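Q: This is a predicted model, with the sequence first.
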Amino acid sequence: GVSATKDEVHKATSKLDKGLYPKTFCKILPDIAAHDPAWCNILHADTAGTKSALAYLYWRETGDLSVWKGIAQDAIVMNMDDMACVGCTEHFMLSNTIARNRHVITGDVIQAVIEGTIAFCEQMASFQIDIHHAGGETADVGDIVRTIDVGFTAFSRMQREELVINRIRHGDVIVGLASDGQSTYEAAYNSGIGSNGLTSARHDVLHKMYGERYPESYSEHTEQEYVYSGSKNLTDKVDVRGVPMEVGKLLLSPTRTYLPVLRTILRELHSEIHGIIHNTGSGQTKVRRFLQDGICVVKDGLPECPPVFNLIQSESGTSWEEMYQVFNMGCRMEIYVPPHIANEVIAMAHAYNINAWVIGRVEKAETSSVLLETKQGTFRYS
């Protein structure tokens, strides 16, 4: 139902202005707020995607409203962590747009999403990351939305000298930050799933009975052979490194934010950072869009895949080459730095109980590409 490469979207937006610095991870705008040439504005929008359909299934099956708080975090983090990739880690304004079908989504769900928003903002405030929630719009649009869509728009103003403009170069090493585990600011184990590839994860892993019970949870245009074609129930337990976890909770792990650790890294090492890449859509190949001609990114030190991705692959039979192009596979944030500061970056991540490794390097090449050397095979994307 989705495209990891988003070729049609990129084609449609190819003529749009790229902003002040085309190689930044987010579009950078002139300082429209105060017209100060030393400053810039960032306006960013994103959603939790089809993860909300998975939350809908779990809520309907179990009555557990807490999953909707996670959906709020998913949508916020998809904005905030993209913005952090250009050096923006504070002074955020946030507005939500929630579109629901009120025939199936009750007021309790809306309340849980809003409570999740408030809780996330309050937690980030404890790290001196100020997020001001400006409210938003809740629309009852059952003729358009089958269940619910949760999205946010974020704004910030920052000094141009503090920007991280991707200048990834030959000789850089790549420090990868784990997407799974339990950081110091998380209350439970995080599977690392994030908010990308959930259409695949939902349909490939879950049993066909969910399509029969909840036809509103998927598009009527989807070919039936692909609708909930897996073997698992939401409450089935799977082994996660010796600990049993529900399949539903594994797939619904809230998207981890890296704001606290990135804020620390940028405050100490800003001038040494050559690029930050958030491995969301396009998975481990995301960096391709930000490479200059003549360099190749080689990743030969990626961590072992977290259990959630092995579960998806075993249920779906998806090739490992495609898995690495769709999912973050255990490493959702990459920092490109000179080799001599790699250990400092790793130590800063470890201080938040986030695993980090040197996962690769940047080499000269005739054409730009990403080369993955993994236990499952060697894959080149160009």
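A: Structure's in. What do you need? Residues are numbered from 1 along each chain as shown.
Q: Name the nearest residue to Gln159, ignoring sequence neighbours.
A: Closest residue to Gln159 apart from its sequence neighbours, by C-beta to C-beta, 6 or more residues apart in numbering: Trp39 at 5.6 Å. From N, CA and C alone the C-beta is placed, and that goes for glycine too.
Q: and what of Ile114?
A: Per C-beta to C-beta, 6+ apart, closest to Ile114 is Ala72, 7.4 Å.
Q: so how many other residues sit close to the one you found?
A: Applying other C-beta atoms under 10 Å, we find 25 residues neighbouring Ala72.
Q: what's the answer for Asp143, then?
A: For Asp143, using other C-beta under 10 Å, the count is 6.
Q: can you check the one 4 residues further on too?
A: Neighbourhood size, Thr147 [other C-beta under 10 Å]: 24.
Q: Pull the contacting residues for it.
A: 52-53, 56, 100-101, 104-105, 216-217 (C-beta atoms under 8 Å, 6 or more residues apart in numbering).
Q: And the furthest pair within those residues?
A: The span of the contacts of Thr147, defined through C-beta to C-beta, is set by Arg100 and Ser217 at 13.8 Å.
Q: Can you tell me the element Ala119 falls in?
A: helix 107-125 (DSSP states H and E).
Q: what's the angle from the helix or strand that that helix is followed by to helix 107-125?
A: From helix 107-125 onward toward the C-terminus, using DSSP H and E, the following helix or strand is strand 131-140. Per axes from the mean of the first three to the mean of the last three C-alpha atoms, to 10 degrees, the angle that strand 131-140 makes with helix 107-125 is 170 degrees.
Q: which residues touch strand 131-140?
A: Contacts of strand 131-140 (C-beta under 8 Å, 6+ apart): 76, 80, 92-102, 110, 117-118, 120-121, 124-125, 152.
Q: Look at Pro244 and give its secondary structure.
A: For Pro244, the assignment made with DSSP: H, G, I helix; E, B strand; the rest coil gives strand.
Q: Please report the distance of it from Gln182.
A: 16 Å (C-beta to C-beta, to the nearest Å).
Q: Looking at these two now, which is surrounded by more residues?
A: Using other C-beta under 10 Å, the more surrounded residue of Pro244 and Gln182 is Gln182, with 13 against 9.
Q: give me every residue that touches the more buried one.
A: Contacts of Gln182 (C-beta under 8 Å, 6+ apart): 188-190, 353.
Q: Selection in PyMOL covering whichever of the residues you listed are buried, please.
A: Buried residues among these (16 or more other C-beta atoms under 10 Å), as a PyMOL selection:
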select buried, resi 189+190
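Q: so who does the residue nearest to Gln159 touch?
A: Applying C-beta under 8 Å, 6+ apart, the residues near Trp39 are 31, 33, 157-160.
Q: if you set the cut-off to 7 Å instead, what comes out?
A: 31, 157-160 (C-beta atoms under 7 Å, 6 or more residues apart in numbering).
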